[in-house]
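[1] whatever this is, show me its structure:
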Amino acid sequence: MTKKAEIEFIRNMITTNKAWACKALMAIFERQTEDEKNNQETIHENGMGFTGNDANFLTAMAKSYQQYHNLTDKQMFYVYKKIGKYAGQIHKISDKEKLAKAMGIKQEIVKVTCYDKEDTFKSREEAIKHFKTGMLYCDPGSSEFARYATIVQKLECGETVVDDNYWN
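    Modelled structure (predicted):
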């Protein structure tokens with residue numbers, strides 16, 4: 001699953017599902033600085049928390065949710081309209097395993113043996129990224145580069161248990 005697809009899934013959920021929207025609202029609120037929470041405005045341009053246009057309203061909604069553990073249907077209507085733009089921030093802080101489960105994606109454990117050492121990765125993409133990064137630091141004509149390239153090739157072919165044996 002691509003990052004873009006994950007963000008779109010989050011955006012859909014936080015703009016249509018009350019539990020997801022309220023959790024997202026509180027997660028973004030928690031990333032506001034204390035002075036931003038108290039003043040209900042965006043003071044610091046740090047890429048976290050609510051935008052300047054949303055800070056007053058969404059901070060008020062978050063404080064209301066903290067106090068009453070609920071938002072009215074009318075409040076939710078406006079939260080749904082505003083919260084979607086924060087899907088990227090939510091993605092950044094989300095537990096990727098829980099997100100995959102919510103998306104109905106079975107996490108694929110990948111085992112790679114390289115230099116007789118076995119490593120486990122949470123996904124094929126994570127393993128590929130790891131070994132492609134390793135390739136960047138190797139001489140392209142070296143046996144180490146060939147090992148990493150073999151592993152990447154096997155992973156890209158769909159294997160989930162891979163070794164660096166490039167003679168077979």
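
[2] let's verify the nearest residue to residue 35 once chain neighbours are set aside: helix, strand, or coil?
    Leaving aside its sequence neighbours, residue 35 sits nearest to residue 43 (C-beta to C-beta, 6 or more residues apart in numbering; 5.7 Å). C-beta coordinates here come from the backbone N, C-alpha and C atoms, glycine included. With DSSP: H, G, I helix; E, B strand; the rest coil as the basis, residue 43 sits in coil.

[3] do I have it right that residue 43 meets residue 34?
    No: applying C-beta atoms under 8 Å as the test, residue 43 and residue 34 come out as separate, 10.2 Å apart.

[4] quick one, which of these two is more surrounded?
    Neighbour comparison, residue 43 and residue 34: the larger count goes to residue 43, with 14 against 7 (by other C-beta atoms under 10 Å).

[5] show the contacting residues for the more buried one.
    33, 35, 36 (C-beta atoms under 8 Å, 6 or more residues apart in numbering).

[6] what is the burial count for the second one?
    This means residue 35. As a measure of burial, residue 35 has 10 neighbours, counting by other C-beta under 10 Å.

[7] do the same with residue 53
    Counted with other C-beta under 10 Å, residue 53 comes out at 11.

[8] look up how far residue 94 lies from it.
    24 Å (C-beta to C-beta, to the nearest Å).

[9] quick one: end-to-end length of stretch 112-123, please.
    In stretch 112-123, first residue to last residue: 11 Å (C-alpha to C-alpha, to the nearest Å).

[10] return the set of buried residues in that stretch.
    112, 114, 121, 123 (16 or more other C-beta atoms under 10 Å).

[11] over to stretch 60-78?
    61, 62, 65, 71, 76.

[12] do me a favour and average the pLDDT over that stretch.
    Across stretch 60-78, pLDDT averages out at 95.

[13] list the contacts of it.
    18, 21, 22, 25, 26, 28, 29, 40, 57, 79.

[14] change it to 6 Å
    If you take C-beta atoms under 6 Å, 6 or more residues apart in numbering as the criterion, stretch 60-78 is touched by 18, 22, 25, 26, 29, 79.

[15] what is the neighbour count of the first one?
    What it means is residue 18. Neighbours of residue 18 (other C-beta under 10 Å): 14.

[16] roughly how far apart are the spatially closest residue to residue 52 that is not a sequence neighbour and residue 7?
    Closest residue to residue 52 apart from its sequence neighbours, by C-beta to C-beta, 6+ apart: residue 42 at 4.3 Å. If you measure residue 42 against residue 7 using C-beta to C-beta, the figure is 22 Å.
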